[in-house]
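Visitor: let's see this in three dimensions:
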Amino acid sequence: MLEIVTPTSLSSLSNSIANTMEHLSLLDNNIPGNSTLITAVELERFVNLRSLALDFCDFTAEMARVLTDNNHVPLQRLSLLVHNVSVMHKSLDNMPNDEHWKALSRKSTSLRVYIMAFDIKSEDMLKILKPSIPLERIHFDSYITCVSGAIVDLISRQYDKFLTHFILMNDVIDTSGFPDLSDNRNEDPLVLLAWRCTKLSLLAIHGYTVWAHNLIAIARLRGSDLKVLEVTEESIDFDQGELADQDVDPVHNLIEQLVHPSNQFIRRKRLKIKLVRNVQESIRLNSSRVKHRSLKESSEGLILSAYFQRTKYRPTD
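Guide: Take a look at the predicted model:
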């Protein structure tokens, strides 16, 4: 039976119960920003953990060391929530460095990390994204601080062997100008992400400018391995040459190019393309996914639920 965990209730668990627990999710929006649900000393009792979800600011270097101890079974899933409120109230000084991540990965060879970041500044993300994190999924959500193209480029360089899911959401108020990740670069960072990250199977971009020719390049680069390509329709931009002499809706024409039988990747396996009308609709869709999501992957499901508790978005009825 699921119960609300507090520092008191967690410490009161008997050793016999703590020693047998395989999944532990420690995310609670009711806990003050400068408090924590568990310490490294307390984590020592949970020797059979397979998956763990907690606030990134609570995941210290000492915790990483505890999880590498010989008496702990290898960790398989680590879900980390990085929230601007926590970063404001807590310090990032105690987080694991790259050597800690290397040691943890050696101990847990099947470990995969899932990071959800909400309104985190680029300078803080640069501190957080250590090269040796086995990052499989990352979800950015913001309504104040936009993700930079440099961060996307860093992710594609450091996690090319692990990354399968990349979700980028920006709840923009002024839809007349979406931030452009390319930032006058010759090479678009999203295209480079698709090129470098050979295991990428889901790419969702909402609230950022996406150029039509880059969508085609992304789909062709990843081929049948890309299962879902999801973008906000109103943020798709077209070159003037692409708009010239078009008698049909340019978005319709774009979809035709993406799914045309002449494309080799379509012949192997059809790509699921989802065009969302606007950012608000994308929020509702993602809310609905969480509401009806199975908690089979317990830590991942619970960390998604915590997302809607700790931000202004709520699952719709």
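Visitor: where does the prediction get shaky in this structure?
Guide: 1-8, 28-34, 172-176, 184-185, 239-317 (pLDDT under 70).
Visitor: now with 90?
Guide: Residue ranges of the chain with pLDDT under 90: 1-14, 17-18, 25-38, 84-91, 142-146, 171-187, 207, 209-217, 219-317.
Visitor: let me see the domain layout of it.
Guide: Domains of the chain are assigned by the TED database as 1-86+106-119, 134-316.
Visitor: can you show me the strands along this protein?
Guide: 23-26, 51-55, 77-83, 112-118, 135-142, 165-170, 202-206, 210-211, 228-232, 236-237, 272-276 (DSSP state E).
Visitor: Ile10: neighbour count?
Guide: Just to correct that, residue 10 is Leu rather than Ile. By other CB atoms under 10 Å, the residues close to Leu10 number 18. From N, CA and C alone the C-beta is placed, and that goes for glycine too.
Visitor: sorry, wrong one. I was asking about Leu78.
Guide: Leu78 - counted by other CB under 10 Å - has 25 other residues nearby.
Visitor: hey, what's the closest residue to it other than its chain neighbours bridged with?
Guide: Nearest residue to Leu78, sequence neighbours excluded (CB to CB, 6 or more residues apart in numbering): Val113, at 4.9 Å. For Val113, the beta-bridge partners under DSSP bridges are Leu78, Leu135.
Visitor: show me what contacts Val113?
Guide: Arg77, Leu78, Ser79, Leu80, Ile133, Pro134, Leu135, Glu136, Arg137 (CB atoms under 8 Å, 6 or more residues apart in numbering).
Visitor: so what's the closest residue to Thr198 other than its chain neighbours up against?
Guide: Closest residue to Thr198 apart from its sequence neighbours, by CB to CB, 6+ apart: Asp160 at 6.8 Å. Neighbouring residues of Asp160 by CB under 8 Å, 6+ apart: Arg196, Cys197, Thr198.
Visitor: tell me who's in contact with the second one.
Guide: Applying CB under 8 Å, 6+ apart, one finds that Cys197 lies in contact with Ser156, Tyr159, Asp160, Leu163, Thr164, Phe166.
Visitor: so how far is His100 from the nearest residue to Leu181 once chain neighbours are set aside?
Guide: Leaving aside its sequence neighbours, Leu181 sits nearest to Gly149 (CB to CB, 6+ apart; 4.2 Å). The spacing between Gly149 and His100, counted by CB to CB, to the nearest Å, is 28 Å.
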